[in-house]
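Engineer: this is a predicted model, with the sequence first.
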Amino acid sequence: MVIVVAIVAVVVAVGVYATWLGSRLDRLDTRVEAAIASLDAQLRKRAGAAARAAARNPAVAAKAGLAEAAHTVLQSSGPRDEAAESALTRAARAYVEATPSADHSELMAAITRVQLARQFHNDAVHATRALRGRRMVRLLRLSARRPLPAYFEIDDVLAS
Amino acid sequence: MRVGLVCPYPWDVPGGVMAHVRDLGESLTELGHDVAVLAPVVDSDGPLPEYLTDAGRPLPIPYNGSVARLLFGPVSFARVRRWLRAGIDGDGFDVLHVHEPTAPSVALLAAYAATGPIVATFHTSNTRSRLLSAAEPLLTPALEKVAARIAVSPAARRTVVDHLGGDCVEIPNGVAVARYVEAAPATQYGDGPVVAFVGRVDESRKGLAVLLAAWPRIREAVADARLVVAGPGEPPEEAEGLDGVTLLGLISEEDKAALLRRADVFCAPNLGGESFGIVLLEAMAAGAPVVASNLDAFRRVLADGRAGLLVPTDDRPALADAVIGLLGDPAARADLVTRGTARAAEFDWRSVARQVLTVYDTVAPSAGHPVVTLDPTAAAEPSELEPAD
């Protein structure tokens, strides 16, 4: 009898704990999704700002490859492309360095927002991977059906 | 944008975090946003601003080397939930911004109780925080809901990275420059030179003892000098029997601004544990030349000594000589005032609040209804929060 009660108690405790861990995993999934949406939106805005900057100063922009890099990002319909985004940062850097007297406030603001969105995204990924790595989470196979989120790593710093 | 700010420390006890929350809230309001603040209150009969909700009376707890008044328990949890549900005009919040959520406080409770776009600002730098390390398993469930983290200084950022993992955006503290520029200088301290100290007088890391020990030497060199000490706490015994020392105790923000406007030298002899040094910026905004300990945080705010004099930490003769030197050199004082005023302007709240808004924009969907809601799983969680010992 005592053994049965003890077993039931352990099963209930594990169940409650698993439910709680599951709700944390759900919350983190929501956070990662929101961070991805924000990151995608900011990357798109940055490409738009770069395209507008290129249109204002076509000769310099062509030399820096800015219009082309912005176009590549804006035309892509697939998943976020780290290489293309890094290329856009490099082109923006070359463009800003070549036009020191122009007004870059829109482009600069867009670049700052990408940095923020990327950091918040990677933070959410970090927290998710940390919880997924916990022994109990793996043992209870709580995240077996969820894909593991990936970090998004690009060169996004304007100052070289 | 509808913004909910949560301050872990009492609204009616002056402190760096409380002033940060108040000034951030007022700057956001000036920029056209709707702000509500939740904070503990010691004396609920005192005057409170309309945007403030009283979370209850806090209990003194030793925290981070000082006595913090924090608040934690089922009653405050209920108040936190009610405040979150109401939001702005019963309409909820677009962003919940909690401050210092690592302290056991209403800020941590709010992070537990809510879900949605949550922003957290970390103020403390404390690299040896055993409390933080020990509490990590309790903090993680709340902190992993935070979508964006801000640290007010490199030291605060390092503390977060070391203890909690992940990273932080760095946005400095702001100073409400206009409030200090517009204040009328205090007139009650006579015609002689005034040296001002602002901070808790019974907290050794604020360094008042060093200044008091240096004072006889300063007074010997400048006979009509007056030391005005403002700040709450039990004054140390050393202060008694010293000539030319005025102890004001806790003073209002208006009186602090007036004192800083009047001061010929502002002295910050702190021994350590400072993450930022907001009071230095306030002194510079008020046009007081600053003499401060050579701490990392102070060196940064004083632009490596260009905006104020840095003296070795806990060095009485050096402190005395720096103060005496400045009191006898009006040109050097004027020079420091010019550079200090320019430095303070860089930290004006108007620009700092815009940086915080950029963070809000990044985590909160721009269109639509309020998105901060009560976490359905949180009601069962407070038991998890009971102290482990």
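Structural biologist: Cool, got the structure. Numbering: from 1, shown residues only, chains lettered A, B, ... in the order given.

Engineer: show me the shaky parts of chain A.
Structural biologist: Filtered on pLDDT under 70, chain A yields the residue ranges A:144, A:160.

Engineer: and it, which residues reach chain B?
Structural biologist: A:20, A:23-24, A:27-28, A:30-31, A:34-35, A:37-38, A:42, A:109, A:112-113, A:116-117, A:119-120, A:122-124, A:126-127, A:130-131 (Cβ under 8 Å from any Cβ of the partner chain). Backbone N, C-alpha and C define where each C-beta goes, glycine included.

Engineer: just the buried subset of the residues you listed, please.
Structural biologist: Among those, the ones that count as buried by 16 or more other Cβ atoms under 10 Å in any protein chain shown are A:23-24, A:27-28, A:31, A:34-35, A:38, A:42, A:112-113, A:116-117, A:119-120, A:122-124, A:126-127, A:130-131.

Engineer: just checking, which of those belong to helices?
Structural biologist: Members of those lying in helices (criterion: DSSP state H): A:23-24, A:27-28, A:31, A:34-35, A:38, A:42, A:112-113, A:116-117, A:119-120, A:122-124, A:126-127, A:130-131.

Engineer: around chain A, pick out the residues from chain B.
Structural biologist: Residues of chain B found near chain A (Cβ under 8 Å from any Cβ) are B:115, B:117, B:141, B:144-145, B:147-149, B:165-167, B:169, B:358-359, B:361-363, B:365, B:375, B:377, B:380-381.

Engineer: quick one, what contacts the nearest residue to A:V60 once chain neighbours are set aside?
Structural biologist: On the basis of Cβ to Cβ, 6 or more residues apart in numbering or on different chains, the spatially nearest residue to A:V60 that is not a chain neighbour turns out to be A:A98, at 4.9 Å. Taking Cβ atoms under 8 Å, 6 or more residues apart in numbering or on different chains as the definition of contact, the neighbours of A:A98 are A:V60, A:K63, A:A64.

Engineer: centroid-nearest residue for chain A?
Structural biologist: Centrality entry for chain A: nearest residue to the mean C-alpha point is A:H121, 3.9 Å, by Cα atoms, centre = their mean.

Engineer: surely that residue and A:A37 touch.
Structural biologist: No - with contact taken as Cβ atoms under 8 Å, A:H121 and A:A37 are classed as non-touching, separated by 9.7 Å.

Engineer: just the CA atoms of stretch B:262-281, as CSV, please.
Structural biologist: Listed in CSV are the C-alpha atoms of stretch B:262-281, where the atom choice follows Å, rounded to 0.1, in the frame of the first residue of the first chain:
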residue,chain,number,x,y,z
ARG,B,262,24.8,76.1,-4.8
ALA,B,263,27.8,73.7,-4.3
ASP,B,264,31.3,74.9,-5.2
VAL,B,265,32.5,71.3,-5.2
PHE,B,266,30.5,68.1,-5.3
CYS,B,267,32.3,65.2,-3.6
ALA,B,268,31.7,61.5,-4.3
PRO,B,269,34.2,59.6,-2.1
ASN,B,270,32.6,56.2,-2.8
LEU,B,271,34.6,53.0,-2.0
GLY,B,272,33.0,50.7,-4.6
GLY,B,273,29.9,48.9,-5.6
GLU,B,274,28.7,51.7,-7.9
SER,B,275,27.3,50.6,-11.3
PHE,B,276,26.8,54.0,-12.8
GLY,B,277,27.0,57.2,-10.7
ILE,B,278,23.9,59.1,-11.7
VAL,B,279,24.4,61.6,-8.9
LEU,B,280,27.6,62.7,-10.6
LEU,B,281,25.6,63.5,-13.7
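
Engineer: show me which residues of it are buried.
Structural biologist: Within stretch B:262-281, the residues scored as buried using 16+ other Cβ under 10 Å are B:262-271, B:273-281.

Engineer: again with stretch B:295-303
Structural biologist: Across stretch B:295-303, burial judged by 16+ other Cβ under 10 Å covers B:L295, B:A297, B:F298, B:R299, B:V301, B:L302.

Engineer: of the residues you listed, which belong to helices?
Structural biologist: Secondary-structure check on those using DSSP H: residues within helices are B:A297, B:F298, B:R299, B:V301.

Engineer: possible to save those residues as CSV with pLDDT?
Structural biologist: Formatted as CSV, these follow (pLDDT from 0 to 100):
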residue, pLDDT
B:A297, 89
B:F298, 94
B:R299, 94
B:V301, 93
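
Engineer: what would those residues look like in a markdown table with distance to A:D81?
Structural biologist: Converted to a markdown table, these look like this (distance: Cβ to Cβ, whole Å):
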| residue | distance to A:D81 |
| --- | --- |
| B:A297 | 41 |
| B:F298 | 45 |
| B:R299 | 42 |
| B:V301 | 41 |
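
Engineer: per-residue confidence at B:D162?
Structural biologist: We note a pLDDT of 83 for B:D162 in this prediction.

Engineer: could you look up the SS state of it?
Structural biologist: The assignment at B:D162 comes out as helix when based on DSSP: H, G, I helix; E, B strand; the rest coil.

Engineer: average pLDDT across stretch B:118-131?
Structural biologist: Computed over stretch B:118-131, the mean pLDDT rounds to 76.

Engineer: same deal with stretch B:178-189?
Structural biologist: In the prediction, stretch B:178-189 has an average pLDDT of 92.

Engineer: that one: which residues count as buried?
Structural biologist: Buried-residue list, stretch B:178-189, by 16+ other Cβ under 10 Å: B:R179, B:Y180, B:A183, B:P185, B:A186, B:Y189.

Engineer: gap between the first one and B:P14?
Structural biologist: By that I understand B:R179. Counting by Cβ to Cβ, to the nearest Å, the gap between B:R179 and B:P14 amounts to 14 Å.

Engineer: need the overlap of contacts for those two.
Structural biologist: Applying Cβ under 8 Å, 6+ apart, one finds that B:R179 and B:P14 are jointly contacted by B:E253.

Engineer: let me know how buried residue 140 is, in neighbour terms.
Structural biologist: Using chain A. Counted with other Cβ atoms under 10 Å in any protein chain shown, the burial measure for A:L140 works out to 16 neighbours.

Engineer: if you could check chain B rather than the one you did, that'd help
Structural biologist: 16.

Engineer: run through the residues that contact it.
Structural biologist: If you count contacts by Cβ under 8 Å, 6+ apart, B:T140 has them with B:L164.

Engineer: what strand or helix carries it?
Structural biologist: For B:T140, the element it lies in under DSSP states H and E is helix B:130-143.

Engineer: count of neighbours near A:A53?
Structural biologist: Number of residues near A:A53 (other Cβ under 10 Å) recorded here: 26.

Engineer: hang on, it packs against A:S105?
Structural biologist: No - no contact is recorded between A:A53 and A:S105 when judged using Cβ under 8 Å, the distance being 10.2 Å.
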